[in-house]
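>>> sharing a sequence plus its predicted fold:
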Amino acid sequence: MSKFIELSETIKFVNERIETKELNLKNYISTENMQPNKGGITNAIKLPPAKTTTRYKKEDILISNIRLYFEKIWIADRAGGTSSDILVLRNKKGYNSKFIYYALSDINFFNYADVTSKGTKMPRGDKKAILKYPIPNLNLKDQEKIADILSTYDELIENNNRRIEILEKTAEEIYKEWFVRMRFPGYENTKFIKGIPEAWENVKLEDVCKLVRGISYSTKEIEKDVGVPMLTLKSIQAYGGYNYNGLRFFDGKIADRHYLKENDLVMAITDMTQDRRVIGQVCLIPKTNYDDLVFSADLILLDELKIEKDYMYALLRYGGLSEHIAMFSNGANVLHLNQRILNKIRIFIAPESLRKEYEFKHKSIQKEIGILEIQNQHLIKQRDLLLPRLMNGTIEVK
(Lines give C-alpha, C1' and ligand atoms only; values in the text may rest on other atoms or scores of the structure.)
Protein backbone atom coordinates (compact mmCIF):
# COMPACT_ATOMS: atom_id res chain seq x y z
CA MET A 1 0.00 0.00 0.00
CA SER A 2 1.32 3.41 -0.98
CA LYS A 3 2.31 5.65 1.94
CA PHE A 4 0.60 8.68 0.39
CA ILE A 5 -2.42 9.30 -1.81
CA GLU A 6 -3.62 12.36 -3.69
CA LEU A 7 -6.09 14.61 -1.92
CA SER A 8 -8.59 14.01 -4.75
CA GLU A 9 -9.10 10.46 -3.45
CA THR A 10 -10.28 11.72 -0.06
CA ILE A 11 -12.35 14.84 -0.75
CA LYS A 12 -14.40 16.63 -3.36
CA PHE A 13 -15.00 20.33 -3.94
CA VAL A 14 -18.54 21.45 -3.11
CA ASN A 15 -20.52 23.57 -5.59
CA GLU A 16 -23.97 23.41 -3.99
CA ARG A 17 -25.85 26.71 -3.63
CA ILE A 18 -27.78 28.31 -0.76
CA GLU A 19 -30.01 31.40 -0.89
CA THR A 20 -28.49 34.40 0.87
CA LYS A 21 -31.76 35.06 2.69
CA GLU A 22 -31.12 31.82 4.65
CA LEU A 23 -27.80 33.18 6.00
CA ASN A 24 -26.84 35.40 8.92
CA LEU A 25 -23.65 37.06 10.17
CA LYS A 26 -22.70 33.92 12.13
CA ASN A 27 -22.88 31.37 9.30
CA TYR A 28 -21.72 33.46 6.32
CA ILE A 29 -18.00 32.92 5.74
CA SER A 30 -15.77 35.05 3.52
CA THR A 31 -12.01 35.50 3.40
CA GLU A 32 -12.47 38.68 5.49
CA ASN A 33 -13.89 36.90 8.52
CA MET A 34 -11.55 33.91 8.40
CA GLN A 35 -8.64 34.39 10.80
CA PRO A 36 -5.03 33.88 9.63
CA ASN A 37 -2.74 31.12 10.87
CA LYS A 38 -5.52 28.59 11.47
CA GLY A 39 -7.24 31.00 13.87
CA GLY A 40 -10.80 29.99 12.93
CA ILE A 41 -13.52 32.53 12.13
CA THR A 42 -15.24 35.63 13.46
CA ASN A 43 -18.74 36.89 12.69
CA ALA A 44 -19.18 38.49 9.28
CA ILE A 45 -19.64 42.25 9.01
CA LYS A 46 -22.28 42.04 6.29
CA LEU A 47 -23.97 39.58 3.95
CA PRO A 48 -23.22 39.47 0.21
CA PRO A 49 -25.49 41.22 -2.33
CA ALA A 50 -25.76 38.06 -4.47
CA LYS A 51 -28.99 36.02 -4.25
CA THR A 52 -27.11 32.74 -3.74
CA THR A 53 -23.72 31.63 -2.41
CA THR A 54 -21.84 28.34 -2.05
CA ARG A 55 -23.39 26.08 0.58
CA TYR A 56 -21.35 24.31 3.25
CA LYS A 57 -22.38 21.71 5.82
CA LYS A 58 -21.13 20.82 9.29
CA GLU A 59 -17.66 19.17 9.15
CA ASP A 60 -16.92 20.56 5.68
CA ILE A 61 -13.43 22.08 5.40
CA LEU A 62 -13.25 25.74 4.34
CA ILE A 63 -10.06 27.31 2.96
CA SER A 64 -9.57 30.91 1.90
CA ASN A 65 -8.36 30.76 -1.70
CA ILE A 66 -6.77 34.22 -1.72
CA ARG A 67 -3.17 34.66 -0.54
CA LEU A 68 -2.89 31.13 0.80
CA TYR A 69 0.19 32.05 2.83
CA PHE A 70 -2.22 33.56 5.40
CA GLU A 71 -3.16 29.93 6.29
CA LYS A 72 -6.89 30.54 6.69
CA ILE A 73 -8.62 27.21 7.24
CA TRP A 74 -11.64 26.12 9.31
CA ILE A 75 -13.61 22.91 9.85
CA ALA A 76 -17.26 23.89 10.02
CA ASP A 77 -19.18 23.40 13.27
CA ARG A 78 -22.39 24.63 11.61
CA ALA A 79 -24.04 24.87 8.17
CA GLY A 80 -24.12 28.04 6.07
CA GLY A 81 -22.80 29.77 2.97
CA THR A 82 -19.50 31.17 1.71
CA SER A 83 -18.18 33.79 -0.66
CA SER A 84 -16.70 32.76 -4.01
CA ASP A 85 -13.17 33.12 -2.61
CA ILE A 86 -13.63 30.20 -0.23
CA LEU A 87 -12.94 26.59 -1.20
CA VAL A 88 -15.39 24.12 0.35
CA LEU A 89 -14.10 20.55 0.69
CA ARG A 90 -16.18 17.54 1.74
CA ASN A 91 -14.70 14.19 2.71
CA LYS A 92 -15.52 11.03 0.79
CA LYS A 93 -16.67 7.81 2.42
CA GLY A 94 -13.93 6.10 4.39
CA TYR A 95 -12.12 9.31 5.27
CA ASN A 96 -12.31 11.29 8.51
CA SER A 97 -13.06 14.98 7.96
CA LYS A 98 -11.01 16.14 10.97
CA PHE A 99 -8.02 14.09 9.85
CA ILE A 100 -8.13 15.74 6.42
CA TYR A 101 -8.51 19.14 8.08
CA TYR A 102 -5.34 18.56 10.09
CA ALA A 103 -3.48 17.22 7.06
CA LEU A 104 -4.33 20.48 5.27
CA SER A 105 -3.49 22.59 8.34
CA ASP A 106 0.14 21.55 7.97
CA ILE A 107 2.38 24.42 6.79
CA ASN A 108 3.58 22.12 4.00
CA PHE A 109 0.11 22.25 2.40
CA PHE A 110 -0.05 26.05 2.45
CA ASN A 111 3.48 26.30 1.04
CA TYR A 112 2.48 23.89 -1.73
CA ALA A 113 -0.80 25.70 -2.46
CA ASP A 114 0.99 29.07 -2.47
CA VAL A 115 3.72 27.91 -4.86
CA THR A 116 1.18 26.37 -7.26
CA SER A 117 -1.25 29.33 -7.05
CA LYS A 118 -2.09 31.48 -10.06
CA GLY A 119 -2.01 35.26 -10.34
CA THR A 120 0.41 37.95 -9.16
CA LYS A 121 -1.56 40.78 -7.53
CA MET A 122 -4.19 38.49 -5.94
CA PRO A 123 -2.85 34.90 -6.19
CA ARG A 124 -5.48 32.16 -5.95
CA GLY A 125 -5.03 28.46 -5.35
CA ASP A 126 -5.16 26.17 -8.37
CA LYS A 127 -7.87 23.57 -7.69
CA LYS A 128 -6.27 20.97 -9.95
CA ALA A 129 -2.92 21.35 -8.18
CA ILE A 130 -4.56 21.27 -4.74
CA LEU A 131 -6.26 17.97 -5.59
CA LYS A 132 -2.84 16.49 -6.33
CA TYR A 133 -1.48 17.33 -2.88
CA PRO A 134 -0.25 14.11 -1.17
CA ILE A 135 -1.70 13.17 2.22
CA PRO A 136 -0.99 10.09 4.36
CA ASN A 137 -2.74 6.92 3.21
CA LEU A 138 -4.06 5.60 6.52
CA ASN A 139 -6.96 3.41 7.49
CA LEU A 140 -9.99 5.10 9.05
CA LYS A 141 -9.12 3.95 12.58
CA ASP A 142 -5.66 5.55 12.44
CA GLN A 143 -7.12 8.71 10.88
CA GLU A 144 -9.51 9.00 13.82
CA LYS A 145 -6.70 8.45 16.35
CA ILE A 146 -4.60 11.26 14.85
CA ALA A 147 -7.60 13.57 14.67
CA ASP A 148 -8.43 12.85 18.32
CA ILE A 149 -4.86 13.60 19.46
CA LEU A 150 -4.72 16.95 17.65
CA SER A 151 -8.31 17.84 18.59
CA THR A 152 -7.33 17.63 22.26
CA TYR A 153 -5.01 20.61 21.76
CA ASP A 154 -7.63 22.62 19.88
CA GLU A 155 -10.26 21.92 22.53
CA LEU A 156 -7.92 23.19 25.25
CA ILE A 157 -7.16 26.31 23.19
CA GLU A 158 -10.87 26.93 22.58
CA ASN A 159 -11.66 26.46 26.27
CA ASN A 160 -9.01 29.05 27.15
CA ASN A 161 -10.45 31.42 24.54
CA ARG A 162 -13.90 31.12 26.13
CA ARG A 163 -12.42 31.93 29.54
CA ILE A 164 -10.62 34.93 28.05
CA GLU A 165 -13.88 36.16 26.54
CA ILE A 166 -15.64 35.94 29.94
CA LEU A 167 -12.80 37.85 31.62
CA GLU A 168 -12.91 40.54 28.90
CA LYS A 169 -16.67 40.88 29.40
CA THR A 170 -16.16 41.32 33.14
CA ALA A 171 -13.65 44.16 32.60
CA GLU A 172 -15.97 45.74 30.03
CA GLU A 173 -18.99 45.65 32.35
CA ILE A 174 -17.05 47.32 35.18
CA TYR A 175 -15.88 50.07 32.80
CA LYS A 176 -19.34 50.69 31.36
CA GLU A 177 -20.98 50.74 34.79
CA TRP A 178 -18.49 53.32 36.05
CA PHE A 179 -17.69 55.45 33.00
CA VAL A 180 -20.62 55.07 30.58
CA ARG A 181 -23.62 54.65 32.89
CA MET A 182 -21.75 56.92 35.35
CA ARG A 183 -22.40 54.72 38.38
CA PHE A 184 -18.82 54.95 39.64
CA PRO A 185 -17.96 54.84 43.37
CA GLY A 186 -19.24 58.09 44.89
CA TYR A 187 -21.37 59.13 41.92
CA GLU A 188 -24.28 59.96 44.26
CA ASN A 189 -22.35 62.93 45.66
CA THR A 190 -20.90 64.11 42.34
CA LYS A 191 -22.03 67.25 40.48
CA PHE A 192 -22.77 66.71 36.76
CA ILE A 193 -22.66 69.40 34.08
CA LYS A 194 -24.44 68.45 30.84
CA GLY A 195 -24.07 64.78 31.77
CA ILE A 196 -20.32 65.01 32.50
CA PRO A 197 -18.95 64.88 36.08
CA GLU A 198 -17.58 68.27 37.08
CA ALA A 199 -14.06 67.03 37.91
CA TRP A 200 -13.48 65.30 34.54
CA GLU A 201 -11.02 66.84 32.06
CA ASN A 202 -11.39 67.36 28.30
CA VAL A 203 -7.94 66.84 26.70
CA LYS A 204 -6.29 66.07 23.35
CA LEU A 205 -4.75 62.64 22.77
CA GLU A 206 -1.31 64.28 22.42
CA ASP A 207 -1.75 65.71 25.93
CA VAL A 208 -1.75 62.24 27.49
CA CYS A 209 0.60 60.19 25.28
CA LYS A 210 3.23 60.16 22.53
CA LEU A 211 2.43 58.21 19.36
CA VAL A 212 5.27 56.07 17.94
CA ARG A 213 4.75 54.35 14.57
CA GLY A 214 6.21 50.89 13.93
CA ILE A 215 8.80 49.69 11.42
CA SER A 216 8.37 50.04 7.67
CA TYR A 217 10.00 47.14 5.87
CA SER A 218 10.60 45.54 2.50
CA THR A 219 9.66 41.93 1.75
CA LYS A 220 13.38 41.08 1.73
CA GLU A 221 13.56 41.94 5.44
CA ILE A 222 10.74 39.56 6.39
CA GLU A 223 11.35 35.86 6.89
CA LYS A 224 9.23 33.08 8.34
CA ASP A 225 11.52 32.13 11.22
CA VAL A 226 14.57 34.42 10.96
CA GLY A 227 15.25 37.61 12.90
CA VAL A 228 13.32 39.45 15.61
CA PRO A 229 9.63 38.58 16.07
CA MET A 230 7.37 41.36 14.80
CA LEU A 231 3.81 42.10 15.86
CA THR A 232 1.71 42.87 12.77
CA LEU A 233 -1.80 43.91 11.83
CA LYS A 234 -2.72 40.21 11.73
CA SER A 235 -1.94 40.01 15.45
CA ILE A 236 -4.69 42.48 16.34
CA GLN A 237 -7.98 40.61 16.37
CA ALA A 238 -11.19 42.18 15.18
CA TYR A 239 -12.67 42.17 18.69
CA GLY A 240 -9.75 44.24 19.99
CA GLY A 241 -7.78 41.44 21.60
CA TYR A 242 -4.41 40.04 20.62
CA ASN A 243 -2.88 36.83 19.40
CA TYR A 244 0.58 35.77 18.32
CA ASN A 245 -0.48 33.68 15.34
CA GLY A 246 0.15 36.69 13.10
CA LEU A 247 3.80 37.16 14.08
CA ARG A 248 6.36 37.73 11.32
CA PHE A 249 10.15 37.91 11.74
CA PHE A 250 12.12 41.06 10.86
CA ASP A 251 15.73 40.87 9.76
CA GLY A 252 16.50 44.58 9.26
CA LYS A 253 17.66 47.60 11.25
CA ILE A 254 15.68 48.33 14.43
CA ALA A 255 15.57 51.56 16.43
CA ASP A 256 15.23 51.25 20.22
CA ARG A 257 11.82 52.92 20.22
CA HIS A 258 10.37 49.99 18.22
CA TYR A 259 10.94 47.37 20.92
CA LEU A 260 7.84 46.39 22.86
CA LYS A 261 7.63 45.34 26.49
CA GLU A 262 4.95 43.75 28.60
CA ASN A 263 1.89 45.98 29.14
CA ASP A 264 2.68 48.34 26.24
CA LEU A 265 -0.43 49.70 24.51
CA VAL A 266 -0.57 49.26 20.72
CA MET A 267 -3.19 50.43 18.20
CA ALA A 268 -3.90 49.36 14.59
CA ILE A 269 -3.72 52.36 12.23
CA THR A 270 -4.34 50.67 8.86
CA ASP A 271 -6.82 48.14 7.57
CA MET A 272 -7.22 46.17 4.35
CA THR A 273 -10.99 46.62 4.21
CA GLN A 274 -13.53 49.41 4.14
CA ASP A 275 -15.44 47.61 6.90
CA ARG A 276 -13.09 49.04 9.58
CA ARG A 277 -12.95 45.71 11.43
CA VAL A 278 -9.50 46.26 12.93
CA ILE A 279 -8.46 49.88 12.43
CA GLY A 280 -8.43 51.78 15.73
CA GLN A 281 -8.44 48.57 17.78
CA VAL A 282 -5.92 48.15 20.58
CA CYS A 283 -4.13 45.51 22.60
CA LEU A 284 -2.13 45.47 25.81
CA ILE A 285 1.02 43.44 25.21
CA PRO A 286 1.00 40.41 27.54
CA LYS A 287 3.99 38.48 28.78
CA THR A 288 5.37 36.47 25.85
CA ASN A 289 7.87 33.72 25.14
CA TYR A 290 10.04 36.20 23.22
CA ASP A 291 12.92 38.21 24.73
CA ASP A 292 12.57 40.86 22.00
CA LEU A 293 9.43 41.96 20.17
CA VAL A 294 8.99 44.77 17.64
CA PHE A 295 5.96 46.08 15.73
CA SER A 296 5.18 46.95 12.12
CA ALA A 297 4.20 50.30 10.59
CA ASP A 298 0.55 49.16 10.51
CA LEU A 299 0.58 49.69 14.28
CA ILE A 300 1.27 52.60 16.59
CA LEU A 301 2.55 52.56 20.18
CA LEU A 302 0.85 54.85 22.70
CA ASP A 303 4.01 55.73 24.59
CA GLU A 304 4.89 57.92 27.59
CA LEU A 305 1.32 57.77 28.89
CA LYS A 306 0.45 60.40 31.49
CA ILE A 307 -2.63 58.42 32.55
CA GLU A 308 -2.98 54.76 33.56
CA LYS A 309 -2.52 52.31 30.65
CA ASP A 310 -5.34 50.07 31.80
CA TYR A 311 -7.72 53.01 31.90
CA MET A 312 -6.58 54.21 28.46
CA TYR A 313 -6.98 50.71 27.05
CA ALA A 314 -10.51 50.49 28.49
CA LEU A 315 -11.40 53.95 27.16
CA LEU A 316 -10.41 52.80 23.66
CA ARG A 317 -11.64 49.22 23.89
CA TYR A 318 -14.85 49.54 25.90
CA GLY A 319 -15.65 53.25 25.79
CA GLY A 320 -16.13 53.47 22.03
CA LEU A 321 -13.03 55.59 21.40
CA SER A 322 -11.58 53.03 18.95
CA GLU A 323 -14.74 53.20 16.81
CA HIS A 324 -14.69 57.02 17.02
CA ILE A 325 -11.04 57.11 15.94
CA ALA A 326 -11.73 54.69 13.04
CA MET A 327 -14.13 57.26 11.54
CA PHE A 328 -11.15 59.57 10.91
CA SER A 329 -9.47 57.01 8.61
CA ASN A 330 -9.30 57.49 4.87
CA GLY A 331 -8.09 55.66 1.77
CA ALA A 332 -9.45 53.70 -1.17
CA ASN A 333 -8.31 50.09 -0.90
CA VAL A 334 -6.27 50.52 2.28
CA LEU A 335 -7.49 52.68 5.17
CA HIS A 336 -5.03 54.83 7.11
CA LEU A 337 -5.15 56.89 10.29
CA ASN A 338 -3.18 60.12 10.06
CA GLN A 339 -0.94 60.66 13.07
CA ARG A 340 -1.47 64.45 13.11
CA ILE A 341 -5.25 63.98 13.20
CA LEU A 342 -4.91 61.34 15.92
CA ASN A 343 -2.98 63.75 18.12
CA LYS A 344 -5.81 66.32 18.00
CA ILE A 345 -8.67 63.95 18.91
CA ARG A 346 -10.28 65.09 22.17
CA ILE A 347 -11.26 62.78 25.04
CA PHE A 348 -12.82 63.10 28.51
CA ILE A 349 -10.76 61.53 31.31
CA ALA A 350 -11.85 60.71 34.87
CA PRO A 351 -9.98 61.97 37.98
CA GLU A 352 -6.78 60.11 38.94
CA SER A 353 -8.23 58.43 42.05
CA LEU A 354 -11.05 56.85 40.01
CA ARG A 355 -8.69 55.83 37.19
CA LYS A 356 -6.38 54.10 39.67
CA GLU A 357 -9.29 52.28 41.28
CA TYR A 358 -10.33 50.91 37.90
CA GLU A 359 -6.72 50.09 37.02
CA PHE A 360 -6.40 47.87 40.10
CA LYS A 361 -9.42 45.79 39.04
CA HIS A 362 -8.40 45.67 35.38
CA LYS A 363 -4.82 44.58 36.08
CA SER A 364 -5.96 41.52 38.01
CA ILE A 365 -8.22 40.53 35.09
CA GLN A 366 -5.47 41.13 32.51
CA LYS A 367 -3.07 39.00 34.55
CA GLU A 368 -5.46 36.04 34.27
CA ILE A 369 -5.89 36.69 30.55
CA GLY A 370 -2.12 36.82 30.10
CA ILE A 371 -1.69 33.43 31.77
CA LEU A 372 -4.29 31.90 29.44
CA GLU A 373 -2.65 33.50 26.39
CA ILE A 374 0.73 32.04 27.33
CA GLN A 375 -0.91 28.63 27.75
CA ASN A 376 -2.39 28.96 24.28
CA GLN A 377 0.98 29.90 22.78
CA HIS A 378 2.48 26.71 24.26
CA LEU A 379 -0.46 24.59 23.08
CA ILE A 380 -0.31 25.98 19.53
CA LYS A 381 3.45 25.41 19.38
CA GLN A 382 3.13 21.83 20.66
CA ARG A 383 0.26 21.05 18.27
CA ASP A 384 2.10 22.47 15.26
CA LEU A 385 5.26 20.51 16.12
CA LEU A 386 3.29 17.30 16.59
CA LEU A 387 1.11 17.64 13.47
CA PRO A 388 3.71 16.99 10.72
CA ARG A 389 5.31 14.18 12.74
CA LEU A 390 1.99 12.38 13.03
CA MET A 391 1.32 12.91 9.33
CA ASN A 392 4.69 11.67 8.08
CA GLY A 393 4.78 8.68 10.44
CA THR A 394 7.70 9.89 12.58
CA ILE A 395 5.38 9.37 15.54
CA GLU A 396 3.21 6.28 15.26
CA VAL A 397 -0.31 6.16 16.64
CA LYS A 398 -1.26 3.18 18.79
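Yep, that arrived. As the structure is a computational prediction, the values presented were derived from the model and not from experiment.

>>> who does the longest helix seen in the chain touch, helix- and strand-wise?
Longest helix of the chain, by residue count under DSSP state H: helix 352-391. Where contact means 3 or more C-beta pairs under 8 Å, 6 or more residues apart in numbering; DSSP states H and E, helix 352-391 is packed against helix 97-105, helix 107-115, helix 140-175, helix 309-317. In short, each C-beta sits where N, CA and C put it, glycine included.

>>> same list (the ones you listed) but as CSV, adding distance to residue 229, mean pLDDT and mean neighbour count.
Listed next are those as CSV, based on distance: least, C-beta to C-beta, whole Å; pLDDT from 0 to 100; neighbours: other C-beta atoms under 10 Å:
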stretch, distance to residue 229, mean pLDDT, mean neighbour count
helix 97-105, 22, 96, 24
helix 107-115, 17, 92, 17
helix 140-175, 20, 94, 16
helix 309-317, 22, 92, 23
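
>>> how about those in JSON lines, adding distance to residue 352?
Converted to JSON lines, the helices and strands packed on helix 352-391 look like this (distance: least, C-beta to C-beta, whole Å):
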{"stretch": "helix 97-105", "distance to residue 352": "49"}
{"stretch": "helix 107-115", "distance to residue 352": "49"}
{"stretch": "helix 140-175", "distance to residue 352": "16"}
{"stretch": "helix 309-317", "distance to residue 352": "10"}
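
>>> nearest to residue 341, of these?
helix 309-317 (15.7 Å; C-beta to C-beta).

>>> any chance you could list what contacts that closest one?
For helix 309-317, contacts defined as C-beta atoms under 8 Å, 6 or more residues apart in numbering pick out 171-172, 175, 179, 208-209, 240, 263, 265, 267, 280-282, 284, 302, 305, 321-322, 325, 347, 349-350, 355, 358-359, 362-363, 366.

>>> let's go with 7 Å and repeat that
171, 175, 240, 263, 265, 282, 284, 302, 305, 321-322, 347, 355, 358-359, 362-363, 366 (C-beta atoms under 7 Å, 6 or more residues apart in numbering).

>>> what does residue 336 show for phi and psi?
Backbone torsions for residue 336, taken as degrees, to the nearest 10, come to phi -130, psi 150.

>>> so what pLDDT did it get?
Per-residue pLDDT puts residue 336 at 87.

>>> which residue packs closest to it, ignoring adjacent ones?
residue 270 (5.4 Å; C-beta to C-beta, 6 or more residues apart in numbering).

>>> measure that neighbour to residue 295 for me?
12 Å (C-beta to C-beta, to the nearest Å).

>>> again with residue 377
Residue 377 is 17 Å from residue 295, by C-beta to C-beta.

>>> and residue 304, by the same measure?
Distance from residue 304 to residue 295, by C-beta to C-beta: 16 Å.

>>> the two: which has the busier surroundings?
Set side by side, residue 304 and residue 295 show more neighbours around residue 295, with 25 against 10, by other C-beta atoms under 10 Å.

>>> which SS class is the more buried one?
strand (DSSP: H, G, I helix; E, B strand; the rest coil).

>>> again with the one 5 residues further on
Per three-state DSSP, the local secondary structure of residue 300 is strand.

>>> can you offset everything so residue one is 21?
Yep, numbering from 21; the last one is residue 320 now.

>>> partner residues bridging it?
Judged by DSSP bridges, the bridge partners of residue 320 are residue 233, residue 287.

>>> now do the same for it: its pLDDT.
94.

>>> tell me which element the closest residue to residue 35 other than its chain neighbours is part of?
Leaving aside its sequence neighbours, residue 35 sits nearest to residue 74 (C-beta to C-beta, 6+ apart; 6.8 Å). Here residue 74 is covered by strand 72-76, with elements defined by DSSP states H and E.

>>> centre of the chain to that strand, how far?
Centroid separation for strand 72-76 versus its chain: 25 Å, with C-alpha atoms, centre = their mean, to the nearest Å.

>>> likewise for stretch 88-96?
12 Å.

>>> now the helices for the stretch 221-370 of the chain?
225-228, 329-337, 341-346, 359-364 (DSSP state H, counting those that start in this stretch).

>>> show me the strands in the stretch 171-320 of the chain, by range?
212-213, 216-217, 221-224, 230-233, 242-243, 248-251, 268-270, 285-288, 290-291, 302-304, 314-315, 319-323 (DSSP state E, counting those that start in this stretch).

>>> most tightly surrounded among those?
strand 314-315 (a mean of 24; mean count of other C-beta atoms under 10 Å).

>>> OK, contacts around residue 253?
Here residue 253 is in contact with 288, 290, 298, 316, 318-319 (C-beta under 7 Å, 6+ apart).

>>> max pairwise distance over these: which two?
Of all pairs in these, the most separated under C-beta to C-beta is 298 and 316 at 12.9 Å.

>>> quick one: least confident helix or strand in this structure?
strand 242-243 (a mean of 63; mean pLDDT, DSSP states H and E).

>>> residue contacts, the nearest residue to residue 24 once chain neighbours are set aside?
Among residues not flanking residue 24 along the chain, residue 154 sits closest, at 3.9 Å (C-beta to C-beta, 6+ apart). Going by C-beta under 7 Å, 6+ apart, residue 154 touches 24-26.
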